[in-house]
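Trainee: next comes the sequence, and after it the predicted model I'd like to discuss.
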Amino acid sequence: MKALPLRLNNVSGSLESESLYRLFIDSMTDMAFLKDDQFRYLLVNKANQSFFDRSESEIIGKTDFDLMPDTLASSCRQSDLTAMREKRLVTTFEKFEDQTFETRKFPVNLENGKIGIGGFIRDITSQLEIESRLRLQGLALNSVANAIMITDIKGKILSVNPAFTELTGYSAEEATGKHTRDLIRSGIHTKEFYEDLWKTILAGKVWKGEMINRRKDGTLYHEENIISPFQNPNGQITQFVSIKQDITERKQAELALEASEGKYRRLVDNAIIGIYTATLEGKFVDVNDSMCQILECRNPELLMNIHIQEIYRNPEERKNLVDLILKNGRILNYEVDLVTLKGNIRNVFVNAILEGNNILGMVLDMTDRKRNETELKQKKEKAEESDKLKSSFLANMSHEVRTPMNAIMGYAELLTSPNYSDKEKQDYISIISKSSEQLLRIMNDIVEISRIATGQITVNPSSFELNALLDDIYREFNPLAFLKNIKFTVNAGLTGASSRIVLDDIKLRLILSNLVDNAIKFTEKGSVELMYGLKDYALEFRVKDTGIGISKEHHEIIFERFRQLEDSYTRKYGGSGLGLSIAKSYAELLGGNIWVESSHGTGSTFVFQIPYVAAELSEINLGNLNQQAETATLSTILVAEDDDINFVYMERLLSKSDTAVIRAANGQEAVDICNSGIAVDLILMDINMPFMNGLDATRLIKEKRPELPIVAVTAYSLSGDRETCLAAGCNDYIPKPIRRDELLGKLQQFLKK
């Protein structure tokens, strides 16, 4: 039967010719064939002809039953039928005599419109034999008594056998992927030791030697190691095979043998670990230099005159060590604390054997390693605690911010409803105002703690009336105390000119505000008292409450950032957890310190001291700012404000003061108005505006009109902002949100007619 050509749709034109196609399939090492719908061969390649040991003409037109035993032919016919009926690729494995074949069959659309079968057959006998040998080799490796470790050329472990796990304590899963230096290296050998080892094996040579390594449980062991490079067919080193034998017992025996033969002295003198010989009764017979270094003794003779029990932190440990040696003949990796001749504690591992009536011991100093491990553990715990505190802080902040925002948004919506009386709406406005101030305090705390953390806070001292500042704090917090039925009092320790001091009043105000706010917050009944006085040429402030109190173990941590005594989501008292941290930072910036005197359930007294610097009393009498400002006759005020709502608010604040108000929507407009010749007597300059900010606008205006007073209006209002505004040329500044009395006070100050 004439062979039908197999059509390949996505083959280039050159491959469509039958001769090239035949050349292609005949060059394959796999057998290839094509059968018609009656399972008769239409095409076979050279490899298939060789398998049947027949020419193509002897195969074409025949079926498998004509060419091979019936059992094998039936198996082939079954897979042919499966591929034809299910119209999919079928993979089977057939065994013929001592060979195994992998066959892949698939349906083929013939030129006569019928479906035939195409396929490829691969002899996988050698592959299976290789896999079998590998399995056998793996079984052999897993059965040997010596530990075997295979690494890449950088020392990363690729595989280990069970003997390695028994020797080191590390399972295959724990060891794989780790570098040997991170897993078992003891730290005893020198850098040069490992450099010589790597130089040898990277040169393609076998390294043989002994080393001391560390097990998973921290104990040390001696091993005899043979490391062989493994090269690929190209001669490149791809892996290293390390065969290890535990020789710990042998080394100890050798040590005893060398001592008995007189070689002990040389070994002892050059050992990097402490070695000693002592009687069972506890007298040193001999020590090496390393032992002297561990015990901080310059002269070995000094050790000969003391009882060994004296160098044990716990004398009972010496008795336990001797009992174990007498019972077992030796002791391995016995951990104990020793006391040096200088009184320092050293953590050591002791390995010792009984030699006659003496104890021969080796001491490995683990103090530095233990200290490093402890420090790492503490750092880890601190980092974990920091993450926990930050998570708690973020959750708390979400609650603290959303609470006033919910009140602001909710009551603002109620104000638009006609269903509520004017009195009720006035109550809603009051709630919105209080919630806004609460939200502002929270945001100020967050920004301020960030500035403290990045070192952006500076001290800006000025002269001010301390008692006036305390009066402000009383007026601010007394309503809050009144609502909780708490008595709030302020007691000044200085009067007259002595209460006028030089200090950073903004930071002092914030410290006192945080302490008073906390005292009222954590006091359910009783009183809160703010007082101050002079003590040893320092101002000592005390904020005393009758609240819940603070346990002594918490006296330090409450000043840490994000720290509160309650970290759960159901906290009772609220707050950001930043107030005391800010207060502590500011107290230290002002040259003082802060602490708490309290115990749980007995109330708290927060105390902080700062240097006292008196100032002469200035002859400034602003009088009743509110009354004078409202009756003053002012000229023109330029309000530079880009936000419409804020401008309308400012305009209404000024509407009762007989002023003419004009507006600039950005810094450039403010400059243009001043340069146009319009008479402007005062500028209220918003700092954050588009096109040109308020600071740049102030600089340009002051160049031509240096006498024109400019008051900065800023939403930042944190420490250092006032100085930034003054440096740009502003005469003063007002923080947002703007309070009516403060604004009228500025008008009174700068617009005197």
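Mentor: Sure, I can see it.
Trainee: point out where the stretch 501-650 of the chain drops to low pLDDT.
Mentor: Within the stretch 501-650 of the chain, the stretches falling below the threshold (pLDDT under 70) are 557, 560-578, 616-635.
Trainee: how does it look with 80?
Mentor: Under the criterion pLDDT under 80, the flagged ranges of the stretch 501-650 of the chain are 506, 536-537, 553-579, 581-582, 589, 599-601, 615-635, 643-646, 648-649.
Trainee: in it, which spans are helices?
Mentor: Using DSSP state H, counting those that start in this stretch, the helices of the stretch 501-650 of the chain run over 505-521, 579-589, 625-631, 644-654.
Trainee: do you know which of these lies nearest Thr200?
Mentor: Thr200 lies closest, by Cβ to Cβ, to one member of the helices of the stretch 501-650 of the chain: helix 579-589, at 57.8 Å. Heads up, the C-betas are built off the backbone N, CA and C, glycines and all.
Trainee: I'd like a version of the helices of the stretch 501-650 of the chain in a markdown table, one that adds mean neighbour count and distance to Asp323 as further columns.
Mentor: Conversion of those to a markdown table gives the following (neighbours: other Cβ atoms under 10 Å; distance: least, Cβ to Cβ, whole Å):
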| stretch | mean neighbour count | distance to Asp323 |
| --- | --- | --- |
| helix 505-521 | 22 | 59 |
| helix 579-589 | 21 | 54 |
| helix 625-631 | 15 | 88 |
| helix 644-654 | 15 | 85 |
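Trainee: okay, those helices in CSV with distance to His222 next?
Mentor: Conversion of these to CSV gives the following (distance: least, Cβ to Cβ, whole Å):
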stretch, distance to His222
helix 505-521, 62
helix 579-589, 54
helix 625-631, 88
helix 644-654, 80
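Trainee: roughly how far is stretch 640-659 from the heart of the chain?
Mentor: Using Cα atoms, centre = their mean, to the nearest Å, the distance from the centre of stretch 640-659 to the centre of the chain it belongs to is 48 Å.
Trainee: same question, stretch 365-380
Mentor: With Cα atoms, centre = their mean, you get 20 Å for stretch 365-380.
Trainee: list the buried residues for that stretch?
Mentor: Residues 365-367 are the ones in stretch 365-380 that count as buried (16 or more other Cβ atoms under 10 Å).
Trainee: which of these fall within strands?
Mentor: Using DSSP state E to define strands, the subset of the buried residues of stretch 365-380 located there is Asp365.
Trainee: which member of the buried residues of stretch 365-380 is positioned nearest Asp123?
Mentor: Set against Asp123, the nearest of those by Cβ to Cβ is Met366 (61.2 Å).
Trainee: on that earlier part again, and Glu301, which of the helices of the stretch 501-650 of the chain is closest to it?
Mentor: Minimum separation from Glu301 across these (Cβ to Cβ) falls at helix 579-589, 52.9 Å.
Trainee: list the helices and strands the closest one packs on?
Mentor: For helix 579-589, the packing partners by 3 or more Cβ pairs under 8 Å, 6 or more residues apart in numbering; DSSP states H and E come out as helix 422-453, helix 505-521, strand 593-598, strand 604-611.
Trainee: could I get that helix in CSV with only the CA atoms?
Mentor: Output in CSV follows, covering the C-alpha atoms of helix 579-589 (Å, rounded to 0.1, in the frame of the first residue of the first chain):
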residue,chain,number,x,y,z
GLY,A,579,0.3,63.0,75.6
LEU,A,580,2.7,61.8,78.3
SER,A,581,5.4,61.0,75.7
ILE,A,582,5.1,64.5,74.3
ALA,A,583,5.2,66.0,77.8
LYS,A,584,8.3,64.0,78.7
SER,A,585,10.1,65.1,75.5
TYR,A,586,9.2,68.7,76.1
ALA,A,587,10.2,68.6,79.7
GLU,A,588,13.6,67.3,78.7
LEU,A,589,14.0,69.9,75.9
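Trainee: quick check: angle from that helix to strand 604-611?
Mentor: 20 degrees (axes from the mean of the first three to the mean of the last three Cα atoms, to 10 degrees).
Trainee: distance between helix 579-589 and the chain's centre?
Mentor: Relative to its parent chain, helix 579-589 has a centroid offset of 26 Å by Cα atoms, centre = their mean.
Trainee: lowest-confidence helix or strand of this structure?
Mentor: Using mean pLDDT, DSSP states H and E, helix 625-631 stands out as the lowest-scoring helix or strand of the chain, at a mean of 38.
Trainee: return the residues in contact with Thr724.
Mentor: Thr724 makes contacts with Leu695, as judged by Cβ atoms under 8 Å, 6 or more residues apart in numbering.
Trainee: how about the host helix or strand of it, which residues are buried there?
Mentor: Applying DSSP states H and E as the criterion places Thr724 in helix 721-727. Neighbour-count burial for helix 721-727, with 16+ other Cβ under 10 Å as criterion, is recorded at 721-722, 725.
Trainee: elements contacting whichever strand or helix holds Thr92?
Mentor: Here Thr92 sits within strand 90-96, counting by DSSP H and E. Packed against strand 90-96 by the contact rule (3+ Cβ pairs under 8 Å, 6+ apart) you find helix 70-86, strand 99-109.
Trainee: quick one, what contacts Glu170?
Mentor: Actually, residue 170 is Tyr. It isn't Glu. Contacts of Tyr170 (Cβ under 8 Å, 6+ apart): 160, 164, 183-184, 216.
Trainee: return the subset of those residues lying in helices.
Mentor: 164, 183 (DSSP state H).
Trainee: would you confirm that Ala679 belongs to a helix?
Mentor: No: if the criterion is DSSP: H, G, I helix; E, B strand; the rest coil, then Ala679 is coil and not within a helix.
Trainee: thinking again about what came up before, turn the buried residues of helix 721-727 into CSV, columns for distance to Leu684 and pLDDT.
Mentor: Compiled in CSV, those are given as follows (distance: Cβ to Cβ, whole Å; pLDDT from 0 to 100):
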residue, distance to Leu684, pLDDT
Asp721, 16, 74
Arg722, 15, 77
Cys725, 12, 87
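Trainee: quick revisit: of the contacts of Tyr170, just the buried ones, PyMOL syntax please.
Mentor: Of these, the buried ones can be selected in PyMOL as follows, counting by 16+ other Cβ under 10 Å:
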select buried, resi 160+164+183+184
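Trainee: and the contacts of Tyr170, which two are the farthest apart?
Mentor: With distance counted by Cβ to Cβ, no two of the contacts of Tyr170 lie farther apart than Val160 and Lys216, which are 12.6 Å apart.
Trainee: give me phi/psi at Leu110?
Mentor: phi -80, psi 170 (degrees, to the nearest 10).
Trainee: which non-adjacent residue is nearest it?
Mentor: Spatial nearest neighbour of Leu110, chain neighbours left out: Gly116 (4.8 Å); criterion: Cβ to Cβ, 6 or more residues apart in numbering.
Trainee: now stretch 471-483: buried residues?
Mentor: Residues 473, 477-478, 480-481 are the ones in stretch 471-483 that count as buried (16+ other Cβ under 10 Å).
Trainee: which of the residues you listed sits closest to Lys35?
Mentor: Leu480 (96.3 Å).
Trainee: pull the residues that contact the helix or strand that that closest one is a member of.
Mentor: In the assignment (DSSP H and E), Leu480 maps to helix 466-483. Outside of helix 466-483, the residues within contact range by Cβ under 8 Å, 6+ apart are 487-488, 490, 492, 494-495, 499-501, 505, 508-509, 512-513, 516-517, 520, 528, 530, 532, 539.
Trainee: run through the bridge partners of Val607.
Mentor: The bridge-partner assignment for Val607, based on DSSP bridges, gives Arg542, Trp595.
Trainee: can you verify my assumption that it contacts Arg542?
Mentor: Yes: using Cβ atoms under 8 Å, Val607 is in contact with Arg542, at 5.3 Å.
Trainee: picking up where we left off before, tell me the buried residues in the strand holding Thr92?
Mentor: Buried residues in strand 90-96, defined by neighbour count with 16+ other Cβ under 10 Å: 90, 92.
Trainee: measure the most centrally placed residue in the chain to Ala670 for me?
Mentor: For the chain, the residue nearest the mean C-alpha position is Ala383 (7.0 Å; Cα atoms, centre = their mean). Counting by Cβ to Cβ, to the nearest Å, the separation of Ala383 from Ala670 is 50 Å.
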